[in-house]
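Chemist: predicted model follows, preceded by the sequence.
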Amino acid sequence: MKNQEALALLKKVVQMETVLGKEKMVADTLEELLTSYGIPCEQVEYSPGRNSLIATLKGAEEGPVLGLSGHMDVVPVGEVAWDEEPFAAVEKDGLLYGRGTCDMKAGLIACVVAMIRLKEANVPFKGTLKLLATIGEETSAIGAGQLVDLGYADDLDALVIGEPTNLDIGVAHKGALWPQITTYGKTDHGSMPDQGVNAIEHMLLVINEIKKTFDFGSYVDDLVGASTSSLNVINGGNGTNVVPDKCTISLDIRTIKKQNHETLKAQFHDILEQLEKSVPDFKADIEFINDLPSIRTDLDDPFTVLTKKVVSDVRGEEPGTFGMAGYTDGSQFERAKKDFPILIVGPGEPKNAHQPNEHIKIEDFYKMITVNEMIAREFLSL
């Protein structure tokens, strides 16, 4: 598949409005294309209209399994006007504009085209090249999570995720733990607060205990920085003259490798249990609405070394290696039954993701196709 054909495919996929859903449109398109090249595909339904896609290209003999992954969903366009139609896939001055060009349909299509080129080349290799095109990365990586739960990642020996990195190499990123806590009280008239149980006041006790118990900033990783916690949602009360009988908060905790999520969750449960014992009429529950581990691949891991060499050869300069604050599908793939290196490499400037006038450099898209193909050739060489 030539570069112009690859660009035409990318434009076609960008024009599909897979805003937090409808990914099956992309999965169907990619399955039809890959099948035409003799590459077997399988779709996995998450919910109606939301299908992940797995494609496998097997070599001449048994060997390692290399995964290439990208997600098919995109975030909403937003309220700020764009200079170009967001889903028109406009090409101008060496750039391709459109929602999802950067995050991350260019990275996804670079995986697909690399697989096709390896098939076209008919070069013998050992092992398997596996494409995992996921749904719902923008909503807690639910598609990758489903694939992991179903065992589709258990045979992987290495994985490249094509999120935008400007063709540098992401070797680590933080995890995410989102506790949602609700306190329950008893409503009454605001003029008789002693007759009720104030859920908001009880939530203030919870918040104070959380602050006393945790020191997230003391956990620091040299690549991704310090662990963080942010209280980002609070809801409670429905009138100034009514004692509130319910209050809910949600926290966004970003974790590093040193932190164990099960330990953190146990500490939150302990806080609520202690308050139930010590505060009259205290009642609360907790749900963890997001629970994704951090990832980290060593800089001296053989797969990192291989990838760095390939990217250097394609770019003509050595790529940077870095850690990310946000999470990717890698957090879900990290849960697979065996450990394997996970790297994040893709076209596009990370700062352009989720922004008006989102775009990628077309030349970087072409380079990423070559990077993926060369990583596959090296990793799966006979």
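Modeler: On my side now, so go ahead.

Chemist: buried ones in the helix or strand Ala27 falls within?
Modeler: Using DSSP states H and E, Ala27 sits within helix 24-36. Neighbour counts using 16 or more other Cβ atoms under 10 Å place Lys24, Met25, Val26, Ala27, Thr29, Leu30, Glu31, Leu33, Leu34 of helix 24-36 among the buried residues. The C-beta positions use only the backbone N, C-alpha and C, and glycine is treated the same way.

Chemist: avg pLDDT for it?
Modeler: Helix 24-36 comes out with an average pLDDT of 98.

Chemist: what's the answer for stretch 58-69, then?
Modeler: Mean predicted lDDT for stretch 58-69 stands at 96.

Chemist: for it, what is the distance to the chain centroid?
Modeler: Here stretch 58-69 is found 23 Å from its chain centre; the criterion is Cα atoms, centre = their mean, to the nearest Å.

Chemist: what's it in contact with?
Modeler: Applying Cβ atoms under 8 Å, 6 or more residues apart in numbering, the external contacts of stretch 58-69 come out as 111, 114-115, 124-134, 144, 153, 155-162, 329, 333, 372, 375-376, 379-380, 382.

Chemist: pull out the buried positions in that stretch.
Modeler: Under 16+ other Cβ under 10 Å, the buried positions of stretch 58-69 are Lys58, Gly59, Gly63, Pro64, Val65, Leu66, Gly67, Leu68, Ser69.

Chemist: return the alpha-carbon coordinates of the helix or strand hosting the fifth one using CSV.
Modeler: Right, Val65. Assessed by DSSP H and E, Val65 sits inside strand 61-71. Taking Å, rounded to 0.1, in the frame of the first residue of the first chain, the C-alpha atoms of strand 61-71 are listed here in CSV:
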residue,chain,number,x,y,z
GLU,A,61,7.0,-20.4,12.1
GLU,A,62,6.1,-20.1,15.7
GLY,A,63,7.6,-17.2,17.6
PRO,A,64,6.9,-14.0,19.6
VAL,A,65,3.7,-12.0,19.4
LEU,A,66,4.0,-8.3,18.7
GLY,A,67,0.9,-6.1,19.3
LEU,A,68,0.1,-2.8,17.5
SER,A,69,-2.8,-0.9,19.1
GLY,A,70,-4.9,2.2,18.6
HIS,A,71,-8.3,3.4,19.6
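
Chemist: between that strand and helix 24-36, how big is the angle?
Modeler: 150 degrees (axes from the mean of the first three to the mean of the last three Cα atoms, to 10 degrees).

Chemist: can you list the strands that strand 61-71 pairs with?
Modeler: Applying DSSP bridges, strand 61-71 is found paired with strand 126-134 (parallel), strand 158-161 (parallel).

Chemist: chain center to the helix or strand just after the last one: distance?
Modeler: Note on strand 158-161: by DSSP H and E, the next helix or strand toward the C-terminus is strand 169-173. Between the mean C-alpha point of strand 169-173 and the mean C-alpha point of its chain there is a distance of 12 Å (Cα atoms, centre = their mean).

Chemist: what about Glu120, how many residues close to it?
Modeler: Glu120 has 10 neighbouring residues, counting by other Cβ atoms under 10 Å.
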